[in-house]
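Q: predicted model follows, preceded by the sequence.
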Amino acid sequence: MFVRGQEYDPWIVDRSIPVDLSKWHRLRGDKSDELWRPRFEQYLRNRSTFKSEEDWFVARVVKEAIRWLERQVKEEGRKDKLFLWVDCFDPHEPWDPPEPFWSMYRDPGYDGPDLIDPVPGPVEGYLTEEELTRVRSLYAGEVSFVDKWVGVLIEAIKDLGLYDNSLIVWTTDHGEPFGEHGIVRKARPWNYEELVRIPLVIRHPEHGHGRIVDALVQPVDLTATILDVLDIPTPLPLIFRAPRSTGTFPQDMPVARREIEIHGFSLMPLIKGEEEAVRRYAYTGHYGQQWSIQDREWRFILPIDGSKPPELYHRPDDPYDQRNVIDEHRDVADKLELELRRWAAALR
């Protein structure tokens, strides 16, 4: 479930709608302006019809999700075998939540601009420390705004009698840099903590209520977990059926079959408290640019594009990757690089 108009989606294309970039935006005054100016203008058109909180995109997508659930339960009479993916998109930038969220975390003494969508790139020379703090506060307000509407969805699930027997998963795709390594937004393929660590909350009907699991997991584990909860065996069969162009009759006759291996691990042993870990390492990367591997103690970063040397961070006393200790621990770095390259080579 998603709605049109979020971020730079060409949803409202009427160019006669006036837009003023000076209010909430700041370009960098370089060649990047050609890329970002039309994107910022597009978003301002997309939000030009906003009048109340329910016009914002996260509210609209939640209301659509609730309408779908109500149709399934009240019109179709279905209360099980439902699968709903709700793509809120927010708290993705732009960070422009309505009040009270707009002012919720603002420093009362701040009198600078409210920049809802900074151009990705270096902070230095672009944002002052006070401006960066205000950007963070807008992001925090957006997060709280999304939290409210996720709560609206959960209450609707309860009202429809679906909550007690539902698996509910809440997660996202990436974090957000706010100057921790000198950049704002995901402007570089740098797999540091602020970008690669994401929230994951799983509500199982029977197991693990209130538990915080201190284990390495990854988004790829979600598919394996959902299949496990639903008792769907793996590997999954992929059936190829005859296309009409072959003249095969009947036209839906299976002509080939493959077995699809699931790369992730089910998290049910963690949720049930049966295991303390399902994987030793977690891996992240940007295609053709940078890979990283981490365990409970170390994070090793390998820029495969040669843009800078490898890096190593000791997570227990440096959780935000501020002190590169690769020169002091070359043996650890070599071991993790070998593990990382073996893992990447084994992918198929």
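A: Good, I have the coordinates. Numbering: from 1, shown residues only.

Q: in whichever helix in the chain runs longest, what's buried?
A: Counting residues, the longest helix found in the chain (DSSP state H) is helix 129-159. Burial within helix 129-159, assessed by neighbour count using 16 or more other CB atoms under 10 Å, is assigned to 131-143, 145-146, 149-150, 153-154, 156-157. No exception for glycine: its C-beta is placed from N, CA and C like everyone else's.

Q: ok, now stretch 253-264?
A: Quick answer for stretch 253-264 (16+ other CB under 10 Å): Ile262, Gly264.

Q: stretch 15-28 now?
A: Applying 16+ other CB under 10 Å to stretch 15-28 flags Trp24, His25, Arg26, Leu27 as buried.

Q: quick one: end-to-end distance for it.
A: Terminal residues of stretch 15-28 lie 23 Å apart, using CA to CA, to the nearest Å.

Q: now it, how far from the centre of its chain.
A: 27 Å (CA atoms, centre = their mean, to the nearest Å).

Q: returning to that earlier point: looking at the buried residues of stretch 15-28, which one is closest to Arg211?
A: Set against Arg211, the nearest of those by CB to CB is Trp24 (41.1 Å).

Q: which residue comes closest to the closest one once chain neighbours are left out?
A: Closest residue to Trp24 apart from its sequence neighbours, by CB to CB, 6 or more residues apart in numbering: Ile116 at 4.5 Å.

Q: same thing with Ile260?
A: Leu236 (4.4 Å).

Q: report how many residues lie close to the one you found.
A: 13 (other CB atoms under 10 Å).

Q: list the contacts of it.
A: Leu227, Glu259, Ile260, Ile262 (CB atoms under 8 Å, 6 or more residues apart in numbering).

Q: that older thread, mind checking which of the buried residues of stretch 15-28 land in helices?
A: Those of the buried residues of stretch 15-28 lying in helices (DSSP H): Trp24.

Q: which residues in this structure form helices?
A: 21-24, 33-46, 57-70, 129-159, 193-196, 221-229, 268-271, 330-346.

Q: and of the ones you listed, who's closest to Lys79?
A: Lys79 lies closest, by CB to CB, to one member of the helices of the chain: helix 57-70, at 9.9 Å.

Q: in the closest one, what's buried?
A: Phe57, Val58, Ala59, Arg60, Val61, Val62, Lys63, Ala65, Ile66, Leu69.

Q: then stretch 270-286?
A: For stretch 270-286, a neighbour-count test (16+ other CB under 10 Å) marks Leu270, Ile271, Val278, Arg279, Tyr281, Ala282, Tyr283, Thr284, Gly285, His286 as buried.

Q: closest one of those to Val13?
A: His286 (31.6 Å).

Q: which residues are in contact with the spatially closest residue to that closest one that is not a sequence neighbour?
A: Closest residue in space to His286, ignoring its immediate chain neighbours: Pro189 at 3.4 Å, by CB to CB, 6+ apart. Counting by CB under 8 Å, 6+ apart, Pro189 touches His286, Gln289, Gln290.

Q: tell me the bridge partners for the first one.
A: In this case it means His286. Gln290 (DSSP bridges).

Q: ok, Cys293 - contacts?
A: No, residue 293 isn't Cys; it's Ile. Applying CB under 8 Å, 6+ apart to Ile293 gives the contacts Tyr281, Ala282, Tyr283, Arg299, Phe300, Leu302, Leu336, Glu337, Glu339, Leu340, Trp343.

Q: where are the low-confidence patches of the chain?
A: 243-252 (pLDDT under 70).

Q: my guess is the residue nearest to Trp24 meets Leu138, correct?
A: Yes. Ile116 lies in contact with Leu138 (CB atoms under 8 Å); the separation is 6.1 Å.

Q: what sits in contact with each of those two?
A: Trp95, Asp96.

Q: what distance do you get for Pro98 to Trp298?
A: 43 Å (CB to CB, to the nearest Å).

Q: between the two, who's got more neighbours?
A: Counted by other CB under 10 Å, Pro98 and Trp298 do not tie: Trp298 has more neighbours, with 19 against 15.

Q: how much space is there between that one and Trp11?
A: From Trp298 across to Trp11, the span is 44 Å (CB to CB).

Q: Phe40 too?
A: From Phe40 over to Trp11 (counting by CB to CB), the distance is 14 Å.

Q: show residues contacting stretch 23-41.
A: Here stretch 23-41 has contacts from 7-8, 19, 21, 94, 96, 113-119, 121, 126, using CB under 8 Å, 6+ apart.
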